[in-house]
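> No letters, just coordinates:
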């Protein structure tokens, strides 16, 4: 009997603590699902996430599969080499639904295995941009019109004046062409929008009565900023996280096309760079179009989600 009462009390305490949060999430989700673009974006993103998590399930072949290998002792004949890149084939003489590249590797297989790199760069750059921009925006807005605010805003102004892609190219060239360095180079510039928008929202929120009440009750500035103001700007920060993720994926694809990509990792941008460097842009449509469509879809998915979340975060719009 006592154990049942303890269990009930624990459940009641959990309901009191998390119940209203769940209700807020449910209201936000219901409002989000009224936007068809947001739902479409989530569905597209789920597909690519499944590709990234379980590539061997969706790819028709292992990542090292090569057309014609297995004949003539595992080597390609001169005639087979001349037939590359091969258009889509469905079992005769091999199975490659989207054809092959100039080395005989399946386009669909590379497309599926490249999803992991794209989503990793997108999510990592988006999260890191938020981790830098949101706290700086909160601090700058809360201490508005002080030397702290001025210092942060002058740094943001200097960074904002620098061109995005040339700066990323220079940073990657200096530090080395790796996926980690590409992400860090993107974050160096992409945190600025987060900071500016969150600062403006914080300047408005700090004038509310609950902030004055927290000050009167003796709450520290840190507690006021991260306990009372941060929850109100989080929905807006998720909007810019999604947009930064999309921008990071497009930037990585552009860098790969310029030859500034980690050649040890599969990526859609690297597929486009290879077709351009090998001179098959106008003759191998099955190699050119799929990675372009994949980049467009995953970037559009993040933008769709971001636009829909903006309406949820700002109902007055």
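Perfect, thanks for sending it. Predicted, not measured: the structure shown is a model, and the values here were computed from it.
> The closest residue to residue 94 other than its chain neighbours: neighbouring residues, count only.
Nearest non-adjacent residue to residue 94, counting by C-beta to C-beta, 6 or more residues apart in numbering: residue 67, 5.0 Å away. Every C-beta, even on glycine, is put in place using the N, C-alpha and C of the backbone. The tally of other residues near residue 67 (other C-beta atoms under 10 Å) stands at 24.
> Which secondary structure state does residue 67 sit in?
State at residue 67, reduced to three classes by DSSP: H, G, I helix; E, B strand; the rest coil: coil.
> Torsion angles phi and psi at it?
phi -60, psi 140 (degrees, to the nearest 10).
> pretty sure it is touching residue 98, no?
No: counting by C-beta atoms under 8 Å, residue 67 does not reach residue 98; the two are 11.9 Å apart.
> Which neighbours do these two have in common?
Taking C-beta atoms under 8 Å, 6 or more residues apart in numbering as the contact rule, residue 67 and residue 98 both touch residue 106.
> per-residue pLDDT, the residue nearest to residue 94?
The per-residue pLDDT reported for residue 67 equals 84.
> cool, and residue 122?
For residue 122, pLDDT reads 92.
> Could you count how many residues lie near it?
The number of residues packed near residue 122 is 29, by other C-beta under 10 Å.
> Where does pLDDT dip in the chain?
Applying pLDDT under 70 to the chain flags the ranges 1-22, 24-25, 28-29, 70-75, 312-317.
> could you point out the longest helix in it?
helix 107-142 (DSSP state H).
> in that one, what's buried?
For helix 107-142, burial by neighbour count (16 or more other C-beta atoms under 10 Å) applies to 107-126, 128-130, 132-142.
> next SSE after that helix?
helix 147-161 (DSSP states H and E).
> Going along the chain, name the helices of this structure.
Applying DSSP H to the chain gives helices spanning 2-32, 36-53, 55-58, 78-82, 107-142, 147-161, 164-175, 179-205, 209-216, 221-223, 230-257, 268-278, 285-313.
> Can you name the residues in contact with the third one?
Where contact means C-beta under 8 Å, 6+ apart, the residues beyond helix 55-58 that reach it are 50, 51, 62, 63, 112, 113, 115, 116.
> chain center to stretch 241-253, what's the gap?
6 Å (C-alpha atoms, centre = their mean, to the nearest Å).
> quick one, what contacts the residue found closest to residue 51 once you drop the neighbours it is linked to in the chain?
In this structure, residue 51 finds its nearest non-sequential neighbour in residue 115, 3.9 Å apart by C-beta to C-beta, 6+ apart. Contact analysis of residue 115 by C-beta under 8 Å, 6+ apart lists 48, 49, 51, 52, 55, 294, 298.
> Now a PyMOL select for only the buried ones of those residues.
Remark: buried members of the contacts of residue 115, expressed as a PyMOL selection using 16+ other C-beta under 10 Å:
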select buried, resi 48+51+52+55+294+298
